[in-house]
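**Q** task: produce atomic coordinates for the following.
(one chain, ligands or ions: 2)
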Amino acid sequence: MAKREYQTVESGPKHHGEMLHPVIKKNYGQWKYHERPRPGVLKHVAESGDAIYTVRAGTHRQVTVDIVRFLCDIADKYCEGHLRWTVRNNVEFVTDKEANVEPMIKELEAAGHPVGGTGNSVSSLAHTQGWLHCDIPATDASGVVKSLMDELFHDFTHEEMPNRVRMSTSCCEINCGGQADIAIVVQHTRPPRINHEILKNICEMPSTVARCPVAAIRPTTVNGQPSLMVVEEKCIVCGACFGACPAMEINHPDYSKLAIWVGGKNANARTKPSNMKLVAHGLPNNPPRWPEVAEVVKKILAAYKEGGRDWERVGEWIDRIGWKAFFEQTGLPFDKFMIDNYRHARSSFNQSTHIRF
Ligand code: SF4
Ligand code: SF4
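**A** Ligands and ions are numbered 1, 2, ... in the order given. Down below sits the predicted model:
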């Protein structure tokens, strides 16, 4: 057999360890303490006495090649090329030279990149992909992030909140939605309209039926052709079927809205983790600036900043004051649609392919 003269090359990202700053590599797992000399800057000190500085800057979220080049040039100039992107699309510059920190901040701020997002500030929103990357979004989550962070510039660059505030946006109701102190989530308000002409040609019907978490989709016949129907009183308008079949048309400029949920907490620091709860719904999905969403978020943040005690997360603040006081202090209206009174859960779940009990 002929000798193989080539080697298979593994594709995919390199191991992150290769990219670490030499000071981090040298002191890996040997850190003594860290502090924040100013908002947006972290100083980590190792057992060996070495120190490393991290400067966190906000970005526009969707960036051009020119901006990436600019940020890489900053990293080359001040950090021997070391930078990293966070899950919230902040960019962090890592240097062991304290003298580089202030000039780097000046250059970043002059270019419009705010430095902040550390400690008790409002860091950039974690968000899902939106129109640019995904096939089922009803809004552009990254656009909501950009417009909202423009409004919260001060809260990003100053650590004035009772505790850190983590926010997220999600451009559909079902998939990569974020649990957060304040979460902005798409909310469909009517069941999908079925495009039978398209469906008969493209739909793998059993998998679309199986996708529904409450067994609201049934096989049927339309104009002599096999198709699907939705039992509307069972449908929870989640949009999961649209992901399986684009003929289950649920996105609509008038019926796909935005909702705001608060009090989600994943950490078990101080108190146990908690699920977020709905506090505003039916907000217009109103690009490019989503002003109605910004108004509600700013009301919640203002009330939390005013009334939260030191180290209370948003959910802990609400637990202490109660929901009645939350709605009074934020000025948000409460209505019956915020009460979860869905009655079909048990029987529906037993019929779905997902859950049996
Ligand atoms: S939240 Fe939904 S629409 Fe947005 S990127 Fe994730 S799966 Fe796609
Ligand atoms: S998957 Fe969701 S939107 Fe589609 S029919 Fe079922 S409950 Fe309704």
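
**Q** can you list the residues of the stretch 101-250 of the chain near ligand 2?
**A** Residues of the stretch 101-250 of the chain found near ligand 2 (CB under 6 Å from any ligand atom) are 191-192, 211-212, 214, 216-217, 230, 235-241, 248, 250. Every C-beta, even on glycine, is put in place using the N, C-alpha and C of the backbone.

**Q** mind checking which of these are in strands?
**A** Using DSSP state E, the subset of those located in strands is Ile217, Val230, Met248.

**Q** reformat the residues you listed as a markdown table; add distance to Val296 and neighbour count.
**A** What follows is those, written out as a markdown table (distance: CB to CB, whole Å; neighbours: other CB atoms under 10 Å):
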| residue | distance to Val296 | neighbour count |
| --- | --- | --- |
| Ile217 | 33 | 26 |
| Val230 | 31 | 20 |
| Met248 | 29 | 25 |
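
**Q** got CSV for the residues you listed, with distance to Pro39 and pLDDT too?
**A** Converted to CSV, those look like this (distance: CB to CB, whole Å; pLDDT from 0 to 100):
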residue, distance to Pro39, pLDDT
Ile217, 50, 95
Val230, 50, 97
Met248, 46, 97
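
**Q** and of those residues, the nearest to Ala51?
**A** Top of the list for closeness to Ala51, among these and by CB to CB, is Met248 at 55.7 Å.

**Q** for Asp140, see how far away that closest one is.
**A** The gap separating Met248 from Asp140 is 21 Å, by CB to CB, to the nearest Å.

**Q** which residues sit against stretch 149-166?
**A** Residues outside stretch 149-166 that contact it (CB atoms under 8 Å, 6 or more residues apart in numbering) are 36, 39-40, 58, 114-126, 180-182, 294, 297-298, 301, 304-305, 308-314, 317.

**Q** re earlier: I'd like to know which of the residues of the stretch 101-250 of the chain next to ligand 2 are buried.
**A** Using 16 or more other CB atoms under 10 Å as the burial test, those include 191-192, 211-212, 214, 216-217, 230, 235-241, 248, 250 as buried.

**Q** now the strands for the protein?
**A** Secondary structure of the chain (DSSP E): strands at 31-38, 41-46, 51-58, 83-85, 90-95, 126-127, 167-170, 182-188, 193-194, 217-222, 225-230, 248-249, 256-262, 277-283.

**Q** hey, least reliable of these by pLDDT?
**A** Among the strands of the chain, strand 126-127 carries the lowest mean pLDDT, at a mean of 88.

**Q** given it, what are its sheet partners and their directions?
**A** Paired strands of strand 126-127, with direction, are strand 167-170 (parallel) (DSSP bridges).

**Q** is ligand 1 contacted by the partner strand?
**A** Yes: using CB under 6 Å from any ligand atom, strand 167-170 reaches ligand 1 at Ser170.

**Q** what residues does the protein have near ligand 1?
**A** Neighbours of ligand 1 within the chain, by CB under 6 Å from any ligand atom: Thr128, Gln129, Cys134, Ile136, Pro137, Ala141, Ser170, Cys171, Cys172, Asn175, Cys176, Gly177.

**Q** neighbour count for those - can I get that in a markdown table?
**A** Below are these laid out as a markdown table (neighbours: other CB atoms under 10 Å):
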| residue | neighbour count |
| --- | --- |
| Thr128 | 23 |
| Gln129 | 17 |
| Cys134 | 15 |
| Ile136 | 18 |
| Pro137 | 22 |
| Ala141 | 29 |
| Ser170 | 28 |
| Cys171 | 29 |
| Cys172 | 28 |
| Asn175 | 15 |
| Cys176 | 14 |
| Gly177 | 20 |
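
**Q** distance of Pro137 relative to Val185?
**A** 12 Å.

**Q** beta-bridge partners for Trp31, please?
**A** Bridge pairing for Trp31 - DSSP bridges - gives Ala46.

**Q** how many residues are close by Arg193?
**A** Here the number of neighbours of Arg193 (other CB atoms under 10 Å) works out to 13.

**Q** list the residues that contact it.
**A** Arg193 neighbours (CB under 8 Å, 6+ apart): Glu249, Ile250.

**Q** related to what we said a few turns ago, lowest-confidence entry in the residues of the chain next to ligand 1?
**A** Gly177 (68).

**Q** tell me the pLDDT at the spatially closest residue to Asp140 that is not a sequence neighbour?
**A** Nearest non-adjacent residue to Asp140, counting by CB to CB, 6 or more residues apart in numbering: Gly130, 3.9 Å away. pLDDT for Gly130: 79.

**Q** wait, what's in contact with Gly130?
**A** Contacts of Gly130 (CB under 8 Å, 6+ apart): Pro137, Thr139, Asp140, Ala141, Ser142, Gly143, Cys171.

**Q** the fourth one and Leu132 touch, don't they?
**A** No: under the contact definition of CB atoms under 8 Å, Ala141 does not touch Leu132, with a separation of 9.7 Å.

**Q** longest single helix anywhere in the protein?
**A** When secondary structure is assigned using DSSP state H, the longest helix within the chain turns out to be helix 291-307.

**Q** just the buried positions in that helix, please.
**A** By neighbour count, with 16+ other CB under 10 Å as the criterion, the buried positions of helix 291-307 are Glu292, Val293, Ala294, Val296, Val297, Lys299, Ile300, Leu301, Ala303, Tyr304, Lys305, Gly307.
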